[in-house]
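Asker: the following comprises the amino acid sequence and a computationally predicted model.
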Amino acid sequence: MTSTAPRHDHPHAFMNFNAREREGVQVFGRRSVLKASLAGLAGLSLPKLLSAREATPSTSRQKSVILIWMTGGPSHIDTWDPKPLAPKEIRGPFGVIPTALPGVQMCEFLPKQAAMLDRMTLIRSVDCRHSNHEPNMVMQTANLAAEPRENREAEKFPALASLIAKQRAAQSRELPPYVVLNMKSRSHLAWGGYLGKSYDPFVANDVGSLFALPSGLTTERLETRQSLYSDLDRLRRDLDLSGSMDAVDRFTRQATDIVLGQAARNAFDVSQESEATRQKYGSHEWCKQVLLARRLVESGVSFVTIDLSNHGASGTWDTHGDNIPPYGGIWNGLRPLLPVFDHLITTLVEDLGERGLLDDVLVLAMGEFGRTPQIGTQGSSDGRNHWPVVMSMTVAGGGLRHGQVIGATERDGGNILERPVTPGDLAATIFRHMGVPQDLSYLDNRGRPRPVIENGAPIAELG
């Protein structure tokens, strides 16, 4: 971009790398040396699964969530909340089509969802006034202060998925409770935060290598190393009485179970799907990720987030304009995405229904905010800038009451007209589905309890 091009006001996606800060295992003394040595004994290839989960057993049925995270902020006016009677500079270049709900219209490039809207819910009045991206924190944590550009502690607020992972026992010892697929940048997600790294998501970008033992390490050698590790118990406990080494014990045992077991291997192996099912989802990479998400929740994973993006900056849905690459504008940037999204979400809902899973799996499709009512921002003629005022989203499954539109925006799509839905409301709805207490809290670094849901309640219209 030349110096005369319109300025794109995003901080870049690498600002939070903190390259000068120490991370990982730090060796400062005798005890740390022992920890580092023991941590490397097994030579495992699943570091994200080395986590101790003090889960509270749930009496509810096996429930799960699939979050289709449209990274960058999809334009609500050009998707789910069209304004066909507004001037062209507001309504944009797309036409509208009727849906399965009388009187409800949708973007012309979402025909499959329009036909299936009696099985889904549109929320057109999501209050995203505190949200931003890079990192995307507020909508994924329900914490209005989780904005890293304004709050130094923002990245410590745990993801809703991490809180669920801690609250719910994994359905199988061999499966992680929280999985992220297709992660293009760490800044696209919320993480374990105050809960600790053991509740970070298991990032499954390169599934083929997840379960491969390092060169020269056989199953027999791994089991021998486990035996050796046990022989060091007394020495280890003499050096660390805090319990942290007990956690290393649990991490290693669980990682061994995953590497040697078949449950995770089977869950991540999409080749076990029938050819007809794979063809139904299609060959697009996003569609493959959605099929994998369905396999994972079917196998017992509690929460799967799909980073629906193609690049690691602020996200593919960040359609500022053709003059601001790599985002593109509404016609050249957003339009090619919509048929793919339309196919993947409707195929997922249909597939879950055919498998008898739709009542147990809550499907959410959303980004972090909407786009400006006025088209042609930042010196472009064809894009929309961020609009952290209101956005739209889609909800399906979860045994909820669907076939409705919740909320509305004003005539230009710029502000909420009726029924604001807050991040707290979304969190409360997710928690109710998952059987998690509404008054759940966690401890910060100072030992103070912090409630997760503030000024929020389950969305009553969903039943």
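Answerer: Yes, it's here.
Asker: what about the helices in the stretch 101-250 of the chain?
Answerer: Assigned by DSSP state H, counting those that start in this stretch, the helices in the stretch 101-250 of the chain fall at 111-115, 138-141, 160-167, 207-210, 219-231, 233-239, 244-260.
Asker: the third one packs against which elements?
Answerer: For helix 160-167, the elements it packs on are strand 64-69, helix 138-141, strand 178-181, strand 303-307, helix 423-434, judged by 3 or more CB pairs under 8 Å, 6 or more residues apart in numbering; DSSP states H and E. Yep, even glycine has a C-beta here, placed from its N, CA and C like the rest.
Asker: now render those as CSV, adding mean pLDDT, distance to residue 345 and mean neighbour count.
Answerer: Supplementary listing: the helices and strands packed on helix 160-167 in CSV, determined by pLDDT from 0 to 100; distance: least, CB to CB, whole Å; neighbours: other CB atoms under 10 Å:
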stretch, mean pLDDT, distance to residue 345, mean neighbour count
strand 64-69, 98, 7, 25
helix 138-141, 97, 18, 27
strand 178-181, 96, 15, 27
strand 303-307, 98, 11, 27
helix 423-434, 98, 17, 23
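Asker: now render the ones you listed as CSV, adding distance to residue 84.
Answerer: Below are the helices and strands packed on helix 160-167 laid out as CSV (distance: least, CB to CB, whole Å):
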stretch, distance to residue 84
strand 64-69, 26
helix 138-141, 28
strand 178-181, 35
strand 303-307, 30
helix 423-434, 28
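Asker: closest one to residue 413 among the ones you listed?
Answerer: Nearest of those to residue 413, taken as CB to CB: helix 138-141 at 18.7 Å.
Asker: let's see that closest one as CSV, backbone CA atoms only.
Answerer: Taking C-alpha atoms only, helix 138-141 is exported to CSV below (Å, rounded to 0.1, in the frame of the first residue of the first chain):
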residue,chain,number,x,y,z
VAL,A,138,-15.5,-9.6,24.0
MET,A,139,-18.0,-11.8,22.2
GLN,A,140,-16.1,-15.0,23.0
THR,A,141,-15.8,-14.2,26.7
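Asker: before we move on, back to that, ok, which of the helices and strands packed on helix 160-167 comes nearest residue 194?
Answerer: That would be helix 138-141 among the helices and strands packed on helix 160-167, by CB to CB, at 10.6 Å.
Asker: list of residues touching that closest one?
Answerer: Here helix 138-141 makes contact (CB atoms under 8 Å, 6 or more residues apart in numbering) with 67, 69, 128, 130-132, 144, 146-147, 157-161, 189-190, 193, 305, 366-368, 423, 426.
Asker: cool, and stretch 410-419?
Answerer: Residues contacting stretch 410-419 (CB under 8 Å, 6+ apart): 76-77, 81, 83, 85-86, 90, 125, 127, 370, 372-373, 387, 389-390, 406-409.
Asker: quick check on those residues: which are buried?
Answerer: Buried members of the contacts of stretch 410-419, scored by 16 or more other CB atoms under 10 Å, are 76-77, 81, 83, 90, 125, 127, 370, 372-373, 387, 389-390, 406-407, 409.
Asker: mind checking which of those are in strands?
Answerer: 125, 127, 370, 387, 390, 406, 409 (DSSP state E).
Asker: so how far is residue 371 from the fourth one?
Answerer: The one in question is residue 387. 5 Å (CB to CB, to the nearest Å).
Asker: joint contacts of these two?
Answerer: 73, 76.
Asker: now the closest residue to residue 388 other than its chain neighbours: how far from residue 181?
Answerer: Nearest residue to residue 388, sequence neighbours excluded (CB to CB, 6 or more residues apart in numbering): residue 369, at 4.4 Å. Distance, residue 369 to residue 181, by CB to CB: 22 Å.
Asker: the helices and strands packed on helix 160-167: which one's closest to residue 399?
Answerer: helix 423-434 (7.7 Å).
Asker: show me where the stretch 51-200 of the chain dips below the pLDDT cut-off.
Answerer: 51-61, 169-173 (pLDDT under 70).
Asker: how about stretch 337-355: buried residues?
Answerer: Applying 16+ other CB under 10 Å to stretch 337-355 flags 337-338, 341-349, 351-353 as buried.
Asker: out of the residues you listed, who's nearest residue 319?
Answerer: When those are compared against residue 319 (criterion: CB to CB), the nearest one is residue 337, at 8.6 Å.
Asker: pretty sure that closest one sits against residue 309.
Answerer: No: Residue 337 lies out of contact with residue 309 (CB atoms under 8 Å); the separation is 9.9 Å.
Asker: anything in contact with each of those two?
Answerer: By CB under 8 Å, 6+ apart, the residues touching both residue 337 and residue 309 are 316-317.
Asker: isn't the residue nearest to residue 388 up against residue 384?
Answerer: No: contact criterion CB under 8 Å: residue 369 and residue 384 do not qualify, at 10.9 Å.
Asker: please name the nearest non-neighbouring residue to residue 123.
Answerer: In space, residue 123 is closest to residue 406, 4.7 Å off (CB to CB, 6+ apart).
Asker: let's see the pLDDT reported for the one you found.
Answerer: Residue 406 carries a pLDDT value of 98.
Asker: okay, it and residue 97: tell me how far apart.
Answerer: 20 Å.
Asker: cool, residue 325 as well?
Answerer: From residue 325 to residue 97 the distance is 30 Å (CB to CB).
Asker: which ones are touching the closest residue to residue 148 other than its chain neighbours?
Answerer: Ranked by CB to CB, 6+ apart and with sequence neighbours excluded, the top spatial neighbour of residue 148 is residue 154, at 4.2 Å. Shown in contact with residue 154 (CB under 8 Å, 6+ apart): 135, 137, 143, 145-148.
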